[in-house]
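> My questions are about this predicted structure, shown below with the sequence.
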Amino acid sequence: MLRAEPPCRSEYSRSQLQPLLAPIEGLQVMANVLEIAKASITAFNEKDWDRIRDLYAPDAVYDEKATNRRIQGPDQIIEALQGWTTAFPDATGTIIRELAVGDTAVLELVWKATHTGPLQTPSGTIPPSNRVAELPACSLMQIEGEKVKYDTHYFDLLTLLTQVGAAGLPPEQSRAA
């Protein structure tokens, strides 16, 4: 007489599966890191300050290398970003490349905007030039607990000032160099 074997059933503990799941979970974490970083750019493009406030940790740090500004807290970060949108109301960032490593996202961007409002600088106000600026940039964001903890933003301030006519060569000549 043949006996039927019980159906094959495997039960593995989480610790047994962890070595197999770690690469998948790592990819999910990196995908979430990129989603959060890209959402901050989208929120800026839409001037959705409430969304930016939600995306940044209460003690988040925004480090703007070109201006030497290091700002802490969502409200102060929003105030700085609104300063840029006062000078460049139509400012939008286009993500060119993205990379996530662990809890850090790297976004290569191009900011494009028309200088139609006053630009506040430490040395005074630059009046509107009505010139279009197109500025390559890079943002490194560390994500902690689904929030932006650190946002380090790199761009060339001299390029921006040249393109709006506030420094250096006229904008049409600066691109030829």
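Received it, and whenever you're ready, just let me know what you need. This structure is a prediction, so every number in the text was calculated from the model and none was measured.
> Identify, by residue count, the longest strand of this structure.
Determined from DSSP state E, the single longest strand within the chain is strand 132-144.
> Strand partners (parallel or antiparallel) of the next helix or strand after that strand?
The helix or strand immediately downstream of strand 132-144 is strand 147-155, counting by DSSP states H and E. Strand 147-155 has the following sheet partners, assigned by DSSP bridges: strand 56-64 (parallel), strand 132-144 (antiparallel).
> So which bits of strand 147-155 are buried?
Within strand 147-155, the residues scored as buried using 16 or more other C-beta atoms under 10 Å are 147-153, 155. The C-beta positions use only the backbone N, C-alpha and C, and glycine is treated the same way.
> and which of the residues you listed is nearest to residue 49?
Closest approach between the buried residues of strand 147-155 and residue 49, by C-beta to C-beta: residue 148, at 14.2 Å.
> doesn't residue 54 make contact with the closest one?
No - using C-beta atoms under 8 Å, residue 148 is not in contact with residue 54; the gap is 10.1 Å.
> Quick one: classify residue 52 as helix, strand or coil.
Following DSSP: H, G, I helix; E, B strand; the rest coil, we place residue 52 in the helix state.
> what's it in contact with, if anything?
Residue 52 sits next to 40, 43-44, 74, 77-78, 81 when contact means C-beta atoms under 8 Å, 6 or more residues apart in numbering.
> quick one: residue 46 and residue 167, what's the gap?
Residue 46 sits 30 Å away from residue 167, going by C-beta to C-beta, to the nearest Å.
> just to revisit the earlier point, could you dump the contacts of residue 52 into CSV and include secondary structure?
Output for these, formatted as CSV (three-state DSSP):
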residue, secondary structure
40, helix
43, helix
44, helix
74, helix
77, helix
78, helix
81, helix
